[in-house]
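Colleague: Quick one, fold the following:
(4 chains)
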Protein chains: 2
Amino acid sequence: MSGRTYPQLALDLQLCFPLYAATRAVTKRYVTLLKGTGLTYPQYLVMLVLWETEEPLSVTSLGQRLRLDSGTLTPLLKRLEAAGLVRRERDPGDERRVLVSLTEDGRALEEQVAGVPQQLGASMGITRDEALALRDQLTELVDQLDTSESA
Amino acid sequence: MSGRTYPQLALDLQLCFPLYAATRAVTKRYVTLLKGTGLTYPQYLVMLVLWETEEPLSVTSLGQRLRLDSGTLTPLLKRLEAAGLVRRERDPGDERRVLVSLTEDGRALEEQVAGVPQQLGASMGITRDEALALRDQLTELVDQLDTSESA
DNA sequence: CACAACTATATTGTGCGCAACTCAATAGCG
DNA sequence: CGCTATTGAGTTGCGCACAATATAGTTGTG
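Modeller: Alright, predicted model coming up:
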């Protein structure tokens, strides 16, 4: 390594890069675990929300839960619809809204991925407590960035 | 919330989603901080490596450092070249290799982003020690996923 | 009721990220 | 030396992310 004019830039690489690399590593692992379901990782997250809610959700509600906008969700949901996992229907009460609901196939898929979290946990090699602590730190990080952004 | 058939899936959302969301929140913050340089976050990471190394690097070496492959790096480097920040030249000693080096403009840019890490640190609202601890956890996570992948 | 302001979704364009593949250059081996 | 295997970069195709914009539907106000 050479003498550095701005050493803080190297530190930056050490701090923010692992976050970036970790997300890609986790996503990659999900590709393997979800192979067979045909789901991508973002699609899996959408399905998790739908399984959890068990009720039709508008695109905006889904977006708020996952912090994604319509530019990302619309094509993603169309792919899930094409795969026969969800329905997309205009809300009769407000024709601006599109309600997303599970099909029978979509509901049935939940059982097929029930083992995924445990498999991923094993791959990550951390205990449940470590995972929860990490979760809390990351959640706080997101909240901080959100508030400082609007400031 | 309804009764859940597979409660571990909710946990999955709680654990892996924050990682995914945190990365996107950080990336978004970088867009703001890097506005004016014309750099994207991945481009900034490439520049960090080049500033750090201060020597021409092959595409593969860059990829190993950032865990990115040629499919991602080639177009990204072409954009950096078009912006006048890097040069791309075939290695005379091995015509398969492309050596990436900084231009004067590229080198000069380092000074302009020297304040970015501190600004980001402020946005994240965590102490230096917390940041380092988080970095270590994430680095270990990546290593674990790497080893479990090949197993 | 007319009409402006607002809301929800969709579309467009750019830049990753990565798998799969192509192609040229090099290394290794008989 | 000739041939095969390997390596390094580039290309293609797909699916995100997200900013910016468009459009249809709804609400509020005079």
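
Colleague: mind checking the longest strand of chain A?
Modeller: For chain A, the strand that runs over the most residues, judged by DSSP state E, is strand A:94-102.

Colleague: How about it and chain B, touching?
Modeller: No. Using Cβ under 8 Å from any Cβ of the partner chain, strand A:94-102 never reaches chain B; the gap is at least 12.6 Å. In this view, the C-beta of every residue, glycine as well, is placed from N, C-alpha and C.

Colleague: Which residues outside that strand are in contact with it?
Modeller: For strand A:94-102, the external contacting residues (Cβ atoms under 8 Å, 6 or more residues apart in numbering or on different chains) are A:50-51, A:54-60, A:62, A:77, A:85-91.

Colleague: Take those residues and keep only those in strands.
Modeller: Counting by DSSP E, the contacts of strand A:94-102 contribute A:57-58, A:86-91 to strands.

Colleague: Can you convert these into CSV and add a column each for pLDDT and neighbour count?
Modeller: Listed next are the ones in strands among the contacts of strand A:94-102 as CSV, based on pLDDT from 0 to 100; neighbours: other Cβ atoms under 10 Å in any protein chain shown:
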residue, pLDDT, neighbour count
A:L57, 98, 22
A:S58, 98, 15
A:V86, 98, 23
A:R87, 98, 16
A:R88, 98, 15
A:E89, 98, 11
A:R90, 97, 11
A:D91, 97, 12
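
Colleague: Looking at those, spot the one nearest DNA strand C.
Modeller: Within these, the smallest distance to DNA strand C is 3.2 Å, found for A:S58 (Cβ to the nearest atom of the strand).

Colleague: Next, the buried residues of the longest strand of chain A.
Modeller: For strand A:94-102, the neighbour count (16 or more other Cβ atoms under 10 Å in any protein chain shown) marks A:97-102 as buried.

Colleague: what do you get for stretch A:122-132?
Modeller: Residues of stretch A:122-132 classed as buried: A:123-124, A:126, A:131 (neighbour count, 16+ other Cβ under 10 Å).

Colleague: just checking, which of the residues you listed belong to helices?
Modeller: Assigned to helices by DSSP state H, the following of the buried residues of stretch A:122-132 qualify: A:123-124, A:131.

Colleague: anything in the helix or strand containing A:Q14 near DNA strand C?
Modeller: Element membership for A:Q14, per DSSP states H and E: helix A:7-34. Yes. Using Cβ under 7 Å from any atom of the strand, helix A:7-34 reaches DNA strand C at A:20, A:24, A:27-28, A:31.

Colleague: what does stretch A:85-95 give?
Modeller: Yes. Looking at stretch A:85-95 against DNA strand C by Cβ under 7 Å from any atom of the strand, the contacts come from A:88, A:94.

Colleague: quick one: that stretch to chain centroid distance?
Modeller: Stretch A:85-95 sits 23 Å away from the centroid of its parent chain (Cα atoms, centre = their mean, to the nearest Å).

Colleague: residues in contact with the spatially most central residue of chain A?
Modeller: The centre of chain A sits closest to A:L45, judged by Cα atoms, centre = their mean, with a distance of 4.3 Å. Applying Cβ under 8 Å, 6+ apart to A:L45 gives the contacts A:66, B:13, B:17, B:20.

Colleague: Was I right to think A:V113 contacts A:L34?
Modeller: Yes. Counting by Cβ atoms under 8 Å, A:V113 does reach A:L34; the two are 7.0 Å apart.

Colleague: any common contacting residues for those two?
Modeller: By Cβ under 8 Å, 6+ apart, the residues touching both A:V113 and A:L34 are A:Y44.

Colleague: which of the two has more neighbours?
Modeller: A direct count of neighbours by other Cβ atoms under 10 Å in any protein chain shown for A:V113 and A:L34 places A:V113 higher, at 21 against 18.

Colleague: Phi and psi next, for the more buried one.
Modeller: Here is the backbone geometry of A:V113 (degrees, to the nearest 10): phi -110, psi 10.

Colleague: go on, A:G121?
Modeller: The phi/psi pair for A:G121 (degrees, to the nearest 10) is phi -60, psi -40.

Colleague: List just the nearest of the residues of helix A:7-34 next to DNA strand C to DNA strand C.
Modeller: For the residues of helix A:7-34 next to DNA strand C, the nearest to DNA strand C is A:R24 (3.5 Å; Cβ to the nearest atom of the strand).

Colleague: residues touching the closest one, list them.
Modeller: The contact partners of A:R24, by Cβ under 8 Å, 6+ apart, come to B:R67.

Colleague: relative orientation of the helix holding A:Q14 and helix B:7-34 in degrees?
Modeller: Helix A:7-34 runs at 150 degrees relative to helix B:7-34, counting by axes from the mean of the first three to the mean of the last three Cα atoms, to 10 degrees.

Colleague: where's the residue in chain A that DNA strand D sits nearest to, which helix or strand?
Modeller: At 2.7 Å from DNA strand D, A:G71 is the closest residue in chain A, using Cβ to the nearest atom of the strand. Applying DSSP H and E as the criterion places A:G71 in helix A:70-82.
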